[in-house]
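Enquirer: sequence? don't have it. structure:
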């Protein structure tokens, strides 16, 4: 085994998992995708093990990669805590959270604006579900987070909205009226799941949960495999391998809110609000959601 592991490469490796892929990690870290790939290859050479394997257009961690991911998180936590203790002049990082469903479209704009406004502060990111994000902000472990308002009394300014659409695999055939509709959804609690069930039940349709997952990737994979139909927010672009189904009830839109921890610098919150306002009022976004 190699004597040392590079901290920057470990941070890149963790970002791939937290952002959901090489491309998103490259965008969040402000580096090129080839650089992200090079960091992974360097780690694989040092450990003499394959850490990531390609599955079509997706990248998945091997068993060795999952073990390294756990160790990398521990190493980075100890490293960053030690650095904070040893460098009293170091400005604290800004920790930004986002739901998986908003991360790809919204997070790059927000991270870019914060890094431009605070060039001497590190901007870290964390991606999870709205429920977990809200709890983390309440505990103060995340400074600010973009969350979906599922009607669970989330406090924070409304910054925009995302249309909720039905998605299924190309060629998926819905069941007849007397059969249950197979729904692919997030595990509970999930406001989108409840909205889908409510709309279908109101029309007298039976619904069965054909597959459920705690991650966006899992929901998309199950729908792509033809297990059922899924409900997801959209900014005009269907997830890869899925098509929008307009023959199902209109689900309207879901509000997006910015929540912040108590005591956060007002200037940081204002910069985040400006970035989000720029995204949701941009002509490209307005055209995408109205197309």
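Expert: Looks like it arrived, so ask away. In this text the structure is predicted, and so the values were computed from the model without any measurement.
Enquirer: what stretches of this structure score poorly on pLDDT?
Expert: Low-confidence segments of the chain (pLDDT under 70): 1-3, 30, 56-57, 84, 87-91, 103-105, 150-154, 235-236, 282-291.
Enquirer: can you list the domains in it?
Expert: Domain segmentation of the chain under automatic domain parsing yields 1-87, 162-254.
Enquirer: what pairs with residue 128 across the strands?
Expert: The bridge-partner assignment for residue 128, based on DSSP bridges, gives residue 99.
Enquirer: Would you mind measuring from it to residue 265?
Expert: 23 Å (Cβ to Cβ, to the nearest Å). Backbone N, C-alpha and C define where each C-beta goes, glycine included.
Enquirer: Repeat that for residue 172.
Expert: Distance, residue 172 to residue 265, by Cβ to Cβ: 48 Å.
Enquirer: Which residue lies nearest the spatial centre of the protein?
Expert: When Cα atoms, centre = their mean is applied to the chain, the residue found nearest the centroid is residue 100 (2.0 Å).
Enquirer: Please pick out the residue of this protein most distant from its centre.
Expert: Quick read of the chain (Cα atoms, centre = their mean): farthest out is residue 178, 36.2 Å.
Enquirer: Now it: phi and psi?
Expert: phi -90, psi 0 (degrees, to the nearest 10).
Enquirer: what does residue 174 give?
Expert: According to degrees, to the nearest 10, residue 174 has phi -70, psi 150.
Enquirer: Which residues are in contact with it?
Expert: By Cβ atoms under 8 Å, 6 or more residues apart in numbering, the contact list for residue 174 reads 181, 229, 245, 247, 248.
Enquirer: what about stretch 210-221, start to end distance?
Expert: 13 Å (Cα to Cα, to the nearest Å).
Enquirer: where do the helices sit along the chain?
Expert: 7-19, 22-29, 33-47, 63-86, 100-117, 130-139, 191-202, 216-224, 266-280, 283-290 (DSSP state H).
Enquirer: Dump the ones you listed into a markdown table; add distance to residue 238 as well.
Expert: Shown next, in a markdown table, are those (distance: least, Cβ to Cβ, whole Å):
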| stretch | distance to residue 238 |
| --- | --- |
| helix 7-19 | 20 |
| helix 22-29 | 17 |
| helix 33-47 | 22 |
| helix 63-86 | 29 |
| helix 100-117 | 12 |
| helix 130-139 | 22 |
| helix 191-202 | 16 |
| helix 216-224 | 10 |
| helix 266-280 | 19 |
| helix 283-290 | 11 |
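Enquirer: Which of the ones you listed sits closest to residue 155?
Expert: If you check each of the helices of the chain against residue 155 by Cβ to Cβ, helix 130-139 wins as the nearest, at 9.0 Å.
Enquirer: Name the surrounding residues that touch that closest one.
Expert: 97-99, 126, 128, 142-145, 147-148, 150, 152, 154, 189, 191, 259-261.
Enquirer: the more surrounded of residue 172 and residue 265?
Expert: residue 172 (18 against 12; other Cβ atoms under 10 Å).
Enquirer: is it true that the more buried one touches residue 226?
Expert: Yes. When contacts are counted by Cβ atoms under 8 Å, residue 172 is listed as touching residue 226 (5.5 Å).
Enquirer: what do these two both touch?
Expert: Joint contacts of residue 172 and residue 226 (Cβ under 8 Å, 6+ apart) do not exist.
Enquirer: neighbours around the nearest residue to residue 69 once chain neighbours are set aside, how many?
Expert: Leaving out its chain neighbours, the residue that sits closest to residue 69 by Cβ to Cβ, 6 or more residues apart in numbering is residue 17, at 5.7 Å. Neighbour count for residue 17, taken as other Cβ under 10 Å: 16.
Enquirer: can you count the residues close to residue 95?
Expert: Residue 95: 19 neighbours (other Cβ under 10 Å).
Enquirer: nope, residue 228 is what I meant
Expert: Around residue 228 there are 23 residues (other Cβ under 10 Å).
Enquirer: Next, count neighbours for residue 217.
Expert: Count around residue 217 with other Cβ under 10 Å applied: 15.
Enquirer: List the residues that contact it.
Expert: Here residue 217 is in contact with 20, 58, 100 (Cβ under 8 Å, 6+ apart).
Enquirer: Now do the contacts for residue 40.
Expert: By Cβ under 8 Å, 6+ apart, the contact set of residue 40 is 9, 12, 13, 16, 22, 51, 52.
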